[in-house]
Structure formats: C-alpha cells, structure tokens
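**Q** Give me coordinates for this.
(2 chains)
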Amino acid sequence: METAKETLKIQTPEHVGFRYVLAGLGTRSTAFLLDTVVRGLFILFIFLAVLFLARLLPAFDPTGLFAAIPKTWFFALGVLAYGVVDLGYFLIFEALWSGQTPGKRMQNLRVIRVNGQPIGWLESSIRNILRAVDILVGFYPLGLFVMFLSSRSQRIGDYAAGTVVIVERRRNVPVDRARLRSTSKLNLPELELHLSTLEPKQYQVIRSFLQRRQAMDATHRRELARLLTRRLMKRWGISSSGDIPDESFLEEIVGIYERRRKAI
Amino acid sequence: MGNGERGITELKTRSTAICFVETFRVPRSEFRLLVLAARFQLSAANSSVSRRCYQFINQGVITEQNLLIDKEFPLTTTRGVPMTQSAASAETKKFIISLTGLKPGTSSEDLVVALQRIFPRKTAEQIRGALARLPLLLTRSATEEQAKKVTGFLESKGAILRLVNAAVSAGSAPPASAVRSASTAAASPRKSEMARAAAAPQEDKPYTGVERRAKPRVHPGIGIHPMGIGEILDRSFRLLRQHFLLFFFILLIPQGTFFLFNKAAQIFLGGDVQQGMTAGMGVGLGVSVILAVMVMMILQFWAQGALIHAVSETYLGHQTSLATSYGAMRSRLGRLLGTMFLMGILMVLVPALLGIATAIAVPMLAAMGFGGTTTAILSIVLVFVGIIWFFHLLLNWLLVDKVVVLEGQGWRSALRRSKELMNIRTEQGFWKRPKNKAGLILLLGFLIGVGIHLLFQVPGLLTQMFLPGSLAGLTLTLQQILNVIATSLAAVFTAIAMILFYYDIRLRSEGFDLKAMAEHL
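**A** Numbering: from 1, shown residues only, chains lettered A, B, ... in the order given. Presented below is the predicted three-dimensional model:
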C-alpha cells in the first residue's frame, strides 16, 4: 500500500530510536532550483564586480595602480571566483550550515550522515565533488537514475559520503488560536466526562478540521462539521447539543480538551 | 405533527418490526425486510399484528433495550419525515431508491454482480464507474413490491440504500426550476453554491452541486493530507517507483504502438513504392494516415485516462492493474475524447482568428499607406494576445481530463469545473495560487523530464561511438526505442504530479481526507 512518507529509522547504541522523513526528488529539485537562483545572483554579482574593476576602477584611480594591471588579470580573477561559487557554493554552505544551503533551508531540508550525525567538511566535500558525476551533462540524469533505485533516495554523492537528505520536522506556531475559541458555551454537564474518552487521534481530526475550515468550500465545511458533530454525539450518546452550531460545538470540545491536557 | 406524536409513530413502526422478530422468530437477515415492511406501512396500524405489538409493549416484552437493536435502521424518511405522512394510497405510492454507500467490509465486486442482475444492459465497467460516483440513483418510480424486493436484495449484498417516498420528496423538495434559476442568477458558481446551501434546510437534503460530484473513496489506512509543491513531486516520484511497471506500461502502449506503426510505415512505404505511386494510391495513403492518426489519438487519450484512473486508485490506497485501468476508461473514453477535442478547438480558436485578422489587416494597412513599423507592431501585439489567451485557457483547463475521468463530467461542465478548481484560493501567497503552483510543477516536471531524456541518450551515444558504421540503422533504432521509453517516463512523472495536484486542490477545498477519518471516528 502507498504510504504518506518514507522514513529513515536510526537506533543509537543507547537504544534510543529516531525517525527522519526522507526528502524525495520533488523537494530536492525545488531546493536545487532555489539554489540555482541564488548561485545565479552570486555569479551576476561577480560579473558586475569584474566589470567594475576592469572598466571603472582605473578611471577613478588617481595613482594609476589599477590602470597598470592588464585587464586579463581581472577576467582571470572573475573566472576563479565563478569556479569557487560553482563548486564551493554547496560545499561551503553545507559544511558551515550543518548540511543546509539557502535552498535547502527554504525547503526545510538537511543533509545528515546515515547514522544521524551532522555532516562535516569531509562528507560535504565528497558529496559535492561527486555532484559533477550525478549532474553529468546537466539536470542530474545519473543522479535521477540512482535515486530512483535507492530506497533512501540517495544519489551517487550521497552513497559515497554516507549521507541522506531529510525533511526537518516543522514546529509551527499554532495557527490562529483565536479562531478556535468558541463564542458560545455548551450546556452539557456530562461533556467533561465524555471528553475523557476522546482519543488523541480523534482530537487531531477535529483540530485539523478547525484549522483547515477557512480554506474549505462552504458546503463541504458545513457537511463535515455536521458529520463530526453527529459522530461524536452518537459516540457519547448525546441526543442534542442544544441550539449551538456544529462548528461551535467542535470548537468547544477542542477548547476543553486542550485545557484538560494542559492541566495534566 | 408534534415531536411526541412523531415519536409514537416511530415507535409504532419500529415495534411492528420488532414484534415480528419476537413473535415469529424471524431470522436476522429477514429483519431488514420487516423493517422495510414497517417503513412502507405494509402492516397497517390497526392490523392484528400491530395490536399484538402494543400488547407486548404494554406487557414490557418490548422495551427500550429491544428498540436499541433498531438503531441502525432508522425508520423515518431521509428528510426526517415520518412515514405516516406519506400515507398515500397504495396505487399512487412510488419510491425513489438511491444507493448511498457500502457497508464496511462489503466487496464492491459482489455489489457490481448484484447490480448487473438488476440492470442487465449495463456492463460491469459502467456499474463500477457508477459506484465510484455515489450516490447512485437506482430508480425514481419503484412500486412498493419492487422497492421491497430491490432493497432486500441489495441490502443483503451490503448496500446502504436511501428510500424516499416520491410523493413526500416532491412535496418537500424545492422545485428544480427554482434551484436552477437561483443558480443562474448568482454571479459566480461559488456564490451560487453558497446561496443555495444557505437557502436549503440544515437537515438532510438531497445531493446537489458539489456534493453530487464523485466523492473519492479513500482507503481507511491511507495517509493523505494537503501538500506543497515539493511534497507533490516527492509523492509522485514515490508512486512512480512503487507502481513503476503499471504506470509505465499504461503510457508505453500508445507510444510503443506509434513507434511500431512508424517503423512499419517506413519499411513498407520506403524506396520504390514512393516513386511508383499513383494518384489513387496517394488518396489511399492519405486516408490511411488520417485513420492511423485518429487511432493513435484514441489510444493516447485512452492511456491518459487509464493513467489517471490508476494513479487515483493507488494514491487513495486501492489496488489496480493495467487491464482494470484500461477497462475503467471504456465507458468514459467517448466523453474524454469529445471534451479534449472541444478544449483543443476553443484553445486554438482565438489565436487562429487573430492570425486570420493579422493576415487580412497587414496587407490592408500596407495598402492604406501605413509603414512597416506599424504593421509589425500590430502583428506582434496580436500574436502576443493570442499566446496569452492560449496559456490562459491552458492553465484554466489543465484539470479537464481528471475531471472527466474522476468526476464523470464532460464537455462544458468539465471545462467549467476545471476552471473553478484552478481558481480556488485555499492558501495565502502568490506562489500558492493553483495556477502558479501548476506552472511550477510543470516547470520542475519539464526539467526532470530533460534529465530523463539525457540519461537515455547515453546508451545511444555509446553504441554510436563504439559500434561500426555498418550498424548505423540498428543504432538509430535503439536510440528511437530509448527515446520512446524516455518520453513515456517523463510524461508519466509529470502526469502523476498533475493528478496529485488535482487531488490536493480537492483535499483542501473539500477536506475528503477528514471526511474519511470522520467516518471512523
């Protein structure tokens, strides 16, 4: 059966288990595309800097020191800087930012070692020098092929360096807490009792609905609120929630559940 | 009718059914029939059986505990109207029977076989397709006897049915014309849906508009949730890896057929045949080519539909196969072809008209003495407008094929629905608009496709370098085969991503993943 995510399980010697979500082709391609844009900006900056040094600086230099340097030296400097950016961009960023580049950071990706430890200069160097093999003549044909066959979505550079790319868990600030606050109060004295039987999975479903309802179509939103309310009422043997609307009923339930959880 | 009176009515009918069970020791399987019998008031309130029921109630034989058995068989109509209200004469009573769902653990194939017995002219594929778009209206005019038989038979096969007395339904439902006029009067489809929803009573109402569309059948154990662009592509890649042969062969069939046809044409029509060709042979050849192109188009769209079906099934957690996927498309192929044809015509219509206008306007302007610069600017502007128009329509109608295959809509309604989906705002941010997301997915898909093409060029180049020149034909054929494979792979990847993108929009706006989870709450 198709699963939602591919994960990497790591067991430490202390028998502590970690589970990382592996990054797939899509997120990695998006990160690469973003990095390409950033690299392009770097290269544009180098190009403009070389142009400035070669053309404009001698004109403003009263000592005539810059005018004496042949222009080919400036261009040689530019080519060198381009090489450093092209090769060193990934290498330096990943080594310094603990497995991240600007593109990866935007996509919440990080390169780690297969044993879960952060990568260093060595791993970064190996995987990024071998990028030339993965990329071959552009657009990663070999990298794609190897990733397709790899259970951990690793390219050749990853295999050689013993690294994987993972998706970092996003710790979002709870969205719009005020929206979850109910304006009407339920007049059901036995609700607290019923709420003790509410399982975390069920709470998650109700909470997901409340968080996503703004984006939902009006008809489906009402239908889903009604469905959830009826399911809960049937489960708890409540015949009626009074005049309170379905969404307010669910808001109240989530509110009470969260208060109870906080108290515990 | 007051609540108390209504309660008595329900009790009366429930009790009637339970009395049958208690007194005649009716097997559980037949209990449903009895409930239906009570529902249709086959046992009149003053019959001897009913009188005995009341005796049982009075004596305490039938208690609340007994009545609990009956919870799963609500005896009111789906509109919350007690059946006593529909006490029309037996001759005028007609029933609307709809299939609304399947009981948990029911095999849909058993139900398909059962429905084939009721509708012998329908193929299994047509019935499967109809089951994918529940609720399914079975009949609008069943007599009591027919309704009893049909419901008894189908419920024993695991169907969940909805029965509505046609007379009650007609009385309480708003006239169709009123709904129609309300929807056409509204400025936008979304507004009209909201207005209709607001106007409709909060209680169970008939399926209209959005609700009538096919609800995706999500496997209970499957994890689906709204995704970003990267996640959509990740999931596409993973789906492709997990069901590689299925997806690949679905698209390889038209591509391979085209390749073989091309090769055969080259072999049979090459060399001397062309030189000795007469006018009659030329016409014959032209007709053959047109026929071949039509066959290829049909094959291509069939494969496209089959792929949509296969990806949808696997994404939602179901199993499918090559034959099932192609088979599922048989009943919708005509609609898909027609809709895509209509879409193609509409997309090229305006650019073509602009092209004609340019062709007419340029000589006229030149004759009127306008310079070359003016005509050049006019031509560029018209070409630019044509291109913008083309891409505008392309983005709006990007999901048409999915709508046809997965929602069963066709022609203009499919075009409208696709436009509606592509313009839904479910997320904040410029790059999170459906059209922009689709553009990015297509761009990334294109780049990955280029990568795949490059990869498949390598073996061809190597054979070209190392094999002797006498085997150039073989090398060329190998390159062509690899090209066909690369094209299929690249197309499959982007197509999967677009199908997941379609589901992502629906997931956000309809929350069907939450509905599936709520069903098991």
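**Q** low-scoring stretches of the chain, by residue?
**A** Unless you meant another one, I'm taking chain A. For chain A, the stretches with pLDDT under 70 are A:1-5, A:137-138, A:170-190, A:240-242, A:263-264.
**Q** wait, chain B
**A** Within chain B, the stretches with pLDDT under 70 are B:1-93, B:105, B:166-215, B:219-222, B:269-277.
**Q** Right, and chain A sits closest to which residue of it?
**A** Closest contact between chain B and chain A, by C-beta to the nearest C-beta, is at residue B:233 (2.2 Å). (Glycine included, C-beta is placed from N, CA and C.)
**Q** Now that residue: closest residue in space, sequence neighbours ignored.
**A** Among residues not flanking residue B:233 along the chain, residue A:26 sits closest, at 2.2 Å (C-beta to C-beta, 6 or more residues apart in numbering or on different chains).
**Q** OK, contacts around the one you found?
**A** Counting by C-beta atoms under 8 Å, 6 or more residues apart in numbering or on different chains, residue A:26 makes contact with B:229, B:230, B:231, B:232, B:233, B:234, B:235, B:236, B:237, B:444, B:497.
**Q** Surely the fifth one and residue A:24 touch.
**A** Spelled out, that is residue B:233. Yes. Using C-beta atoms under 8 Å, residue B:233 is in contact with residue A:24, at 7.1 Å.
**Q** Quick check on those two: which one has the bigger neighbour count.
**A** residue B:233 (29 against 23; other C-beta atoms under 10 Å in any protein chain shown).
**Q** what does the one helix or strand the more buried one maps to contact?
**A** Assigned by DSSP states H and E, residue B:233 belongs to helix B:229-242. By C-beta under 8 Å, 6+ apart, the residues outside helix B:229-242 that reach it are A:2, A:6, A:23-31, A:107, A:148, A:153, B:227, B:247, B:311, B:314-315, B:437, B:440-441, B:444-445, B:448, B:492-493, B:496-497, B:500-501, B:504.
**Q** try 7 Å
**A** If you take C-beta atoms under 7 Å, 6 or more residues apart in numbering or on different chains as the criterion, helix B:229-242 is touched by A:2, A:6, A:24-27, A:29-30, A:107, A:148, B:227, B:247, B:311, B:314-315, B:437, B:440-441, B:444, B:492-493, B:496-497, B:500-501, B:504.
**Q** swap in stretch B:356-363?
**A** By C-beta under 7 Å, 6+ apart, stretch B:356-363 touches B:375, B:378, B:379, B:382.
**Q** what about residue A:151, distance to chain B?
**A** Taking C-beta to the nearest C-beta, to the nearest Å as the measure, residue A:151 falls 9 Å from chain B.
**Q** which stretches of the stretch 1-150 of chain A form strands?
**A** For the stretch 1-150 of chain A, applying DSSP state E, counting those that start in this stretch gives strands covering A:7-11, A:17-22, A:109-113.
**Q** want to try a markdown table for those, with mean neighbour count and distance to chain B as columns?
**A** Formatted as a markdown table, the strands of the stretch 1-150 of chain A follow (neighbours: other C-beta atoms under 10 Å in any protein chain shown; distance: least, C-beta to the nearest C-beta, whole Å):
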| stretch | mean neighbour count | distance to chain B |
| --- | --- | --- |
| strand A:7-11 | 14 | 12 |
| strand A:17-22 | 15 | 9 |
| strand A:109-113 | 21 | 9 |
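**Q** quick one: which of the contacts of helix B:229-242 sit in helices?
**A** A:25-27, A:29-30, A:148, B:247, B:311, B:314-315, B:437, B:440-441, B:444, B:492-493, B:496-497, B:500-501, B:504 (DSSP state H).
**Q** buried ones in the one helix or strand residue B:263 maps to?
**A** Using DSSP H and E, residue B:263 falls within helix B:244-269. Buried residues in helix B:244-269, counted by 16 or more other C-beta atoms under 10 Å in any protein chain shown: B:246-247, B:249-259.
**Q** Next: stretch B:226-245.
**A** Going by neighbour count (16+ other C-beta under 10 Å), the buried part of stretch B:226-245 is B:226-241, B:243.
**Q** Alpha carbons of it, as PDB, please.
**A** Written as PDB, here are the backbone C-alpha positions of stretch B:226-245 (Å, rounded to 0.1, in the frame of the first residue of the first chain):
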ATOM      1  CA  PRO B 226      -2.600  18.700   1.800                       C
ATOM      2  CA  MET B 227       0.800  19.000   0.200                       C
ATOM      3  CA  GLY B 228       3.200  21.700  -1.000                       C
ATOM      4  CA  ILE B 229       4.800  21.600  -4.500                       C
ATOM      5  CA  GLY B 230       7.900  19.700  -3.300                       C
ATOM      6  CA  GLU B 231       5.700  17.100  -1.500                       C
ATOM      7  CA  ILE B 232       3.500  16.600  -4.500                       C
ATOM      8  CA  LEU B 233       6.600  15.900  -6.600                       C
ATOM      9  CA  ASP B 234       8.000  13.700  -3.800                       C
ATOM     10  CA  ARG B 235       4.900  11.700  -3.700                       C
ATOM     11  CA  SER B 236       4.700  11.400  -7.500                       C
ATOM     12  CA  PHE B 237       8.200  10.100  -7.600                       C
ATOM     13  CA  ARG B 238       7.400   7.600  -4.800                       C
ATOM     14  CA  LEU B 239       4.200   6.500  -6.500                       C
ATOM     15  CA  LEU B 240       6.100   6.000  -9.800                       C
ATOM     16  CA  ARG B 241       8.700   3.900  -8.000                       C
ATOM     17  CA  GLN B 242       6.200   1.800  -6.200                       C
ATOM     18  CA  HIS B 243       4.000   1.200  -9.300                       C
ATOM     19  CA  PHE B 244       6.600   1.700 -11.900                       C
ATOM     20  CA  LEU B 245       5.600  -1.200 -14.300                       C
END
